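Novice: for reference, the sequence and a predicted model appear below.
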Amino acid sequence: PGTVFSGDTVRVNSASLELWHRRLGHVAAKSLLRIFDKGAADGFDLDGFRPQRSRGRVPRVRRCPACELCSTASVPIPRSRTSYDYDPTVPGQVVYTDVKYVRRPALSGARYVIVFVDAYTRFSYPVFTSDKTAATAAAALREFVEFMAQHGHVVRCLRSDRGSEYDGQEDAGGPVRRRLGLFDEECLRLHIRHETSPVDTPQLNGIPESYNRWTFTKANRMLYESALRPSLWPEAVGHANYIRNRIPTRVTDDKSPYELLTGRRPRFDYLKVWGSRGYMTRTHDDQRKDPGACQRLEVFYMGATAGRLGYRVYVPEGDYFTTVTDIRFDEDMRDRHAVLHNYDQWRARRERGEIDDGPLVADPDDPAAAMSNDRARRIFGRPSDPDPLHLRLPSRPTRSGRRRGAGEPETKNNTTDSDTKEWR
């Protein structure tokens with residue numbers, strides 16, 4: 001640095017490109033040359049450069065050690081995975097898997113979704129579990145392999161991240177091989193090659209990551225529209241997965257994953273709006289024979305059950321799921337949010353002591369509206385409710401005019417779901 005004589009021109013404070021790069025806080029060389037060419041700053045001269053209106057190329061600059069060591073930018077990974085030798089050509093040749101955690105537990109106690117996505121057909125297969133141990137992941141893998149075998153396909157390669165459920169461990173280097181865990185042993189028993197991606201590279205496992213974003217977005221929209229309880233999220237995710245497998249995509253050459261896997265075109269004529277209200281006939285129920293008893297139960301549409309004919313529905317009266325065929329649906333849900341919103345406002349005001357402990361009458365001509373609204377809220381719930389099934393009923397006036405509590409509602413029973421499998 002200093003004074004440089006170039007012919008009859010005297011340049012003061014001239015320095016090299018590398019030195020100006022350090023002086024200006026490690027700014028890129030392109031930015032420095034742009035400032036120099038346009039004369040955007042005084043007292044800025046570069047050794048060996050003349051101002052130009054257009055510069056064809058940026059000269060190579062010696063790499064700055066500070067920029068190399070402190071850079072947070074990731075090296076881009078090309079779409080063609082150069083570390084892999086082939087692209088899948090048949091179903092089951094390459095399968096991706098991942099685990100998704102959900103904060104709110106389901107009615108069955110599930111908190112995780114272990115999904116398997118075939119790379120060739122893009123067919124997805126979710127398994128809902130209460131934990132993500134290696135034993136649970138191995139059981140889910142066996143279920144998926146059996147499902148593929150039913151359609152005449154063999155799973156040959158499985159790719160996953162290095163999560164604990166897949167026993168992913170860094171190699172020790174040299175001739176020492178990493179320890180094989182329970183999941184790896186299950187892969188060896190099923191003659192499946194297990195490949196794992198490097199640490200902190202979710203882009204190499206992008207197929208199941210994209211699946212999680214798509215299905216959970218659609219499931220959240222269906223739950224919001226239906227105003228049903230958040231604990232029914234496995235049913236919504238299962239239905240979203242069913243729809244995803246039957247929608248054509250550009251990746252699959254405008255064919256649905258279901259068609260590529262099974263060779264049959266999907267059908268949509270039996271689909272209903274998820275969460276819509278239905279009325280099914282009482283079966284094996286002696287109470288329907290009583291005089292004045294209703295002949296049908298109010299249920300909610302959840303989709304379909306794998307391996308069964310009929311509609312999968314949720315029965316709030318008994319807090320269980322079942323599959324039926326004799327049912328009538330009402331797919332209009334326009335007033336559902338309005339009725340529940342009015343009830344939530346009344347309940348919040350009663351808890352704050354702003355109004356008396358009296359029943360809510362949404363419609364003055366319908367004195368039973370309070371009971372119907374409270375029953376609906378116990379069925380639907382809210383995301384902020386820790387347990388929507390245990391809300392108190394509003395008090396009722398006695399004959400003397402004094403109001404008394406209606407008592408605690410019945411607690412949720414522990415009825416298990418007889419239909420364990422979701423839509424595929």
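Specialist: Received, thanks.
Novice: which stretches in the stretch 251-400 of the chain count as strands?
Specialist: Secondary structure of the stretch 251-400 of the chain by DSSP state E, counting those that start in this stretch: the strands cover 277-281, 296-303, 311-315, 320-324, 327-330, 396-397.
Novice: lowest average pLDDT across those?
Specialist: Per-stretch mean pLDDT for those is lowest at strand 396-397 (a mean of 42).
Novice: just give me the neighbour total for residue 134.
Specialist: 18 (other C-beta atoms under 10 Å). Using the backbone N, CA and C atoms, a C-beta is placed for each residue, glycine as well.
Novice: residues contacting it?
Specialist: Residues near residue 134 by C-beta atoms under 8 Å, 6 or more residues apart in numbering: 164, 165, 166, 167, 181, 182, 183.
Novice: just these now: which is nearest residue 74?
Specialist: Taking C-beta to C-beta as the measure, residue 74 sits nearest to residue 166 out of those, at 22.9 Å.
Novice: I'd like the distance between the residue nearest to the closest one when sequence neighbours are not counted and residue 196.
Specialist: Distances taken as C-beta to C-beta, 6 or more residues apart in numbering place residue 160 nearest to residue 166, at 4.6 Å, with adjacent residues excluded. Distance from residue 160 to residue 196, counting by C-beta to C-beta, to the nearest Å: 6 Å.
Novice: compare these two (neighbour count), which wins?
Specialist: residue 160 (24 against 21).
Novice: from residue 73, how far out is the more buried one?
Specialist: Distance from residue 160 to residue 73, by C-beta to C-beta: 26 Å.
Novice: cool, residue 45 as well?
Specialist: 30 Å.
Novice: residues contacting residue 183?
Specialist: Residues near residue 183 by C-beta under 8 Å, 6+ apart: 134, 137, 138, 141, 165, 166, 167, 194.
Novice: mean confidence (pLDDT) on the host helix or strand of residue 236, please.
Specialist: Using DSSP states H and E, residue 236 maps to helix 233-244. The predicted model assigns helix 233-244 a mean pLDDT of 94.
Novice: mind giving me the packing neighbours of that helix?
Specialist: When contacts are defined as 3 or more C-beta pairs under 8 Å, 6 or more residues apart in numbering; DSSP states H and E, helix 233-244 sits against strand 124-129, helix 206-226, strand 296-303.
Novice: let's go with 6 Å and repeat that
Specialist: strand 124-129, helix 206-226 (3 or more C-beta pairs under 6 Å, 6 or more residues apart in numbering; DSSP states H and E).
Novice: coming back round to it: okay if I get the contacts of residue 183 as JSON lines plus distance to residue 114, secondary structure and pLDDT?
Specialist: JSON lines is the format used below for those (distance: C-beta to C-beta, whole Å; DSSP: H, G, I helix; E, B strand; the rest coil; pLDDT from 0 to 100):
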{"residue": "134", "distance to residue 114": "11", "secondary structure": "helix", "pLDDT": "90"}
{"residue": "137", "distance to residue 114": "6", "secondary structure": "helix", "pLDDT": "93"}
{"residue": "138", "distance to residue 114": "10", "secondary structure": "helix", "pLDDT": "93"}
{"residue": "141", "distance to residue 114": "8", "secondary structure": "helix", "pLDDT": "95"}
{"residue": "165", "distance to residue 114": "8", "secondary structure": "helix", "pLDDT": "83"}
{"residue": "166", "distance to residue 114": "10", "secondary structure": "helix", "pLDDT": "83"}
{"residue": "167", "distance to residue 114": "14", "secondary structure": "coil", "pLDDT": "70"}
{"residue": "194", "distance to residue 114": "15", "secondary structure": "strand", "pLDDT": "91"}
